[in-house]
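S.K.: Sharing a sequence plus its predicted fold:
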Amino acid sequence: MSAETAAAQQDADTASARVWDLPVRICHWSFVVLLPVMWWTAENSEMRWHMRAGSLLLALVIFRILWGFVGSSTARFASFVKGPGAVITYLRSIRNEHGKVLGHNAAGGWSVVALLLVLGTQASLGLFAGDPFDGATGPLNDLVGVTTAGQLTDWHETLFNVILALVGLHIAAIAFYLMGLGDNLIRPMISGRRSAAELPSAMAPVPAWRALACAVVAAGVALWVYNGAPGL
């Protein structure tokens, strides 16, 4: 191999390709920050801040769901939500021929769906939870009876343990990929890029106005709910 060819090969190996857009990364790291904030505020009876954090969580979940339909190629559910056959095939081949994929793999895609579902459910339960006699209630608490609110509060507290289990599984998977397969999944979620030589293609972006439109809708819904859903 000539020096020119070797240099060209080295350039190709070190060139990077876009994998994650900015909205996906903002959502991801916001979830990472919000979960301990919500736990701390609940444990220390900072319920006003707890409800604010919960409303922000709701807005992020709504945004991420919308972005999953109109966002960049790797953000869309259609790109990573696969059938059981694809998941089984991927899990069987992971040890023998681990090939890096653009975006979420077939198994990781369902992890994303599960997290969004439980986070959205948790935020929704919190809207109705609380005890009016204690003065700490969600913004929609008055739409349900005291007994129902008490049940929803119990579910709200229990579901947090499910969230912790899913987060633990997520962290374990990241550690397995890093130490067992030599695949660093954290760095691309920070920079949005990874070596182009590792990927079959690159992320297909979309116009920024789509992210703005999704953010306006998500923030509007969350603010409306936070204010008690006037007109409902």
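M.R.: It's in.

S.K.: How are the strands of this protein distributed by residue range?
M.R.: Using DSSP state E, the strands of the chain run over 16-18, 130-131, 136-137, 193-195.

S.K.: Quick one: list the elements packing against the first one.
M.R.: Read it as strand 16-18. Based on contacts counted as 3 or more CB pairs under 8 Å, 6 or more residues apart in numbering; DSSP states H and E, the elements that strand 16-18 packs against are strand 193-195. (Each C-beta comes from the backbone N, C-alpha and C, glycine too.)

S.K.: mind listing what's buried in the strand it packs on?
M.R.: For strand 193-195, a neighbour-count test (16 or more other CB atoms under 10 Å) marks R193, R194 as buried.

S.K.: Direction included, what does that strand pair up with?
M.R.: strand 16-18 (antiparallel) (DSSP bridges).

S.K.: chain center to the partner strand, what's the gap?
M.R.: When C-alpha coordinates are averaged (CA atoms, centre = their mean, to the nearest Å), strand 16-18 and its chain have centres 21 Å apart.

S.K.: One more: stretch 107-121?
M.R.: Relative to the mean C-alpha coordinate of its chain, stretch 107-121 is positioned 7 Å out (CA atoms, centre = their mean).

S.K.: The most centrally placed residue in the chain and T148, how far apart?
M.R.: The C-alpha lying nearest the average C-alpha coordinate of the chain belongs to H28 (CA atoms, centre = their mean; 4.9 Å). In this structure, H28 and T148 are 34 Å apart, going by CB to CB, to the nearest Å.

S.K.: Check A75 too.
M.R.: When distance is defined by CB to CB, A75 is 36 Å away from T148.

S.K.: L115 now?
M.R.: As defined by CB to CB, L115 lies at a distance of 26 Å from T148.

S.K.: Between these two, which is the more surrounded one?
M.R.: Neighbours were tallied for L115 and for T148 using other CB atoms under 10 Å; the higher tally belongs to L115 (19 against 12).

S.K.: Quick one: residues contacting that one.
M.R.: The contact partners of L115, by CB atoms under 8 Å, 6 or more residues apart in numbering, come to F31, I163, L166, V167, H170.

S.K.: and if you look at A75?
M.R.: Contacts for A75 (CB under 8 Å, 6+ apart) come out as W20, D21, P23, V24, W67, G68, G103.

S.K.: Return a PyMOL selection command for the buried portion of these.
M.R.: Here is the PyMOL command that selects the buried residues among those (16+ other CB under 10 Å):
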select buried, resi 20+21+23+24+67+68+103
